[in-house]
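>>> quick one, fold the following:
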Amino acid sequence: MGDDVVNLIVLGVISWTTTFLLIRKIFSKRSFEFCNRIVSTIHAILAVILASLSLEDWSCPVCSLSSNCSPKQRQALAVTVSYLIYDLICCLFDERVNLDNAVHHLVSIVGIGAGLAYQKVGPEMVAALIITEISSPFLHARELLKEVGYRDTDLNLAADISFAVIFSVARMVVGPCLTFSVLSANNPIIIKSVSAFWFYKIAKMVKYKLTKRRMIISSSPHIRKLD
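Here you go, the predicted model:
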């Protein structure tokens, strides 16, 4: 990991913290979580843009498995690492400390940090960044709209549907394929371990969603009548 990447991460942590403090000052009557979600939304949009710009071949983004990180890819990943460090610290100051969220951040920091240190799997990591962050603006929009009084409105419903569709396609369809490509390539063991962890998380989520759907169908009198 070069000095330029380390400097960018440090600068990023300071920038995200400053942005949060400014938003907190502007929306002083809003909750801590509301302000943090605005920062998270800014990061998600910026991360997707930077990651998209860093992919050199859109016809096959991960064809060059285990290839070195390009300068643009290192920049995109460093920005996200800085955000994750900021958000991990931010979680400690929240009223409710979420252990799962903290573990999620730590694993992500270790995984991306390993890729930057080895300067490997650049295309795979930025592709994963797009997959994980592309639904985040809609996730945060759902909660932001609720706090400003738009709960149970058409706008909130649109955000719910957009999040559900994008999240499901990205995490349940594209995500497992990308994880398999990383595990099958000649990558350092730490990168494979992080990828295996995320594959486990995705598989667990898919199982939960399918089980929940079966329970809803079996408990619906209308659906049982149609059967």
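>>> which stretches of this structure have low pLDDT?
1, 57-67, 95, 97, 121, 179-210, 212-227 (pLDDT under 70).
>>> strands along that one, start to end?
Counting by DSSP state E, the chain has no strands to list.
>>> please enumerate the helices of it.
3-26, 32-54, 71-93, 99-118, 122-133, 136-147, 154-167, 175-184, 189-219, 221-226 (DSSP state H).
>>> tell me what the third one is packed against?
In terms of contacts (3 or more Cβ pairs under 8 Å, 6 or more residues apart in numbering; DSSP states H and E), helix 71-93 is packed against helix 3-26, helix 32-54, helix 99-118, helix 122-133. Placement of C-beta: from N, CA and C, glycine included.
>>> for Asp94, see how far away Asn101 is.
9 Å (Cβ to Cβ, to the nearest Å).
>>> check Leu88 too.
Leu88 is 11 Å from Asp94, by Cβ to Cβ.
>>> more neighbours, those two?
Set side by side, Leu88 and Asp94 show more neighbours around Leu88, with 16 against 13, by other Cβ atoms under 10 Å.
>>> what is the burial count for the nearest residue to that one once chain neighbours are set aside?
Nearest residue to Leu88, sequence neighbours excluded (Cβ to Cβ, 6 or more residues apart in numbering): His105, at 4.3 Å. Neighbour count of His105, defined by other Cβ under 10 Å: 20.
>>> same thing with the one 5 residues further on?
As a burial measure, the neighbour count of Val110 was computed by other Cβ under 10 Å and equals 16.
>>> same question for Leu144.
20.
>>> now do the contacts for the residue nearest to it when sequence neighbours are not counted.
Distance criterion Cβ to Cβ, 6+ apart; nearest residue to Leu144, sequence neighbours excluded, is Arg37 at 5.7 Å. When contacts are counted by Cβ atoms under 8 Å, 6 or more residues apart in numbering, Arg37 touches 140, 143-144.
>>> just name the closest of those residues to Leu129, please.
His140 (16.5 Å; Cβ to Cβ).
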